[in-house]
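Visitor: pasting the sequence and the predicted coordinates here, then a few questions.
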Amino acid sequence: MNLTFYKYQGTGNDFVMIDNRTKIFPKNNTDKISQICDRHFGIGADGIILIENDADYDFKMIYFNADGSQTFCGNGGRCAVAFAKYLNIIKNKTTFLAYDGKHYAEINDGIISLHMIDVDEIIVKENSVFAYTGTQHHVEMVDELDDYPVFANGKKIRYSYDDPGSNVNFAQQINENTFRVRTYEKGVEDETLACGTGVTAVAIAMHKTNKTKSNSISLPVEGGILQVSFTENDGVYTNVFLKGPAEFVFEGNISL
Ligand SMILES: N[C@H](CCC[C@H](N)C(=O)O)C(=O)O
C-alpha cells in the first residue's frame, strides 16, 4: 500500500509525519517503524508522528521513537501542530491529545507555543536532577559542551535508570537565563539536535536548583534555539510553555 508522508523538523529534531485519520498505519510493526526512521535504509528521522481523529480534541498525536517505543515528544508536538494546520484540521490555536494527556498550542508568526504538562515530579540529586516533562529526563551541568562525550556518557546514564530508562541532558550555563543543552535520547539511542521535553526539564531543573531566578529561559541547542517559560508555586511548575519553530522539509511516498 502506498502512503504519503511529510518530513518536518523542530530545531533539528526531525520526524516523519503521517495523516493517519483513516487508520492505515501498521502501529504494531516495530520493524517497519525502525526501517522508516533508518537514515540509510529508510527515510531517516528521530521518530514517527501519526495524526488521528479524536472525539474530544482537535486531533490525537501518536509519537513513536525510532525503536518503536511510544512517549510524548515536545518538538514533535510542535511539528504536529504545524502539520495539523497544513491539513486544515486547525487554524492557529488548538487543543490536542497526546501520550501524556491534553495540550494547548498556538501558532504566532511561525513560532509554535506548546503548553506542556505541569511538572511536579522533580528529584534533586547530588550532581543531577530528574524530571518528568511528558517523558523521563536526567539533567546534569557540564562546564564546556563543545567537546563533551554526549553519546558515551549519555548512553551510560540512560541505561543506569530502571526500565524504560531516561533521556539524558547535559547543560552549560551561558548567562542568567540562558542554558545550552545537548541531549542523548532514549528510543533514538543517540544524540539528537534538540529535545523539547529535554530543554523543558533543563529549564525547570536550573530554576529548581537556583541557577536562575528567571521564569523565561532561552535554550540554544545543536539545531537552533528553544524557549521555555513557566510559573512556579511551592515547587510545582505550571503554565509551562515550549516555544520554537517547526518546519516542513519535504513530502514523499512510501510503500507499506
Ligand atoms: N525529542 C522529544 C523527546 C522524545 C522523548 C523520547 N526519546 C523518549 O522519551 O523516549 C522531544 O522533543 O521532547
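Guide: All right, it came through fine.

Visitor: what sits closest to residue 229 if chain neighbours are left out?
Guide: In this structure, residue 229 finds its nearest non-sequential neighbour in residue 216, 4.4 Å apart by CB to CB, 6 or more residues apart in numbering. For glycine as for every other residue, the C-beta is placed from the backbone atoms N, C-alpha and C.

Visitor: give me the neighbour count for residue 158.
Guide: 20 (other CB atoms under 10 Å).

Visitor: is it fair to say it lies in a helix?
Guide: Yes. Assessed with DSSP: H, G, I helix; E, B strand; the rest coil, residue 158 lies in a helix.

Visitor: how close does it sit to the ligand?
Guide: As judged by CB to the nearest ligand atom, to the nearest Å, residue 158 and the ligand stand 10 Å apart.

Visitor: right, and that residue touches residue 168 too?
Guide: Yes. Contact criterion CB atoms under 8 Å: residue 158 and residue 168 qualify, at 5.3 Å.

Visitor: overlap of the contact sets of those two?
Guide: Listed as contacting both residue 158 and residue 168 by CB atoms under 8 Å, 6 or more residues apart in numbering are 138, 184.

Visitor: just to revisit the earlier point, OK, contacts around the residue nearest to residue 229?
Guide: Residues near residue 216 by CB under 8 Å, 6+ apart: 177, 227-229.

Visitor: CSV for the residues you listed, including neighbour count, secondary structure and pLDDT?
Guide: Listed next are these as CSV, based on neighbours: other CB atoms under 10 Å; DSSP: H, G, I helix; E, B strand; the rest coil; pLDDT from 0 to 100:
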residue, neighbour count, secondary structure, pLDDT
177, 19, coil, 98
227, 17, strand, 98
228, 28, strand, 99
229, 15, strand, 98
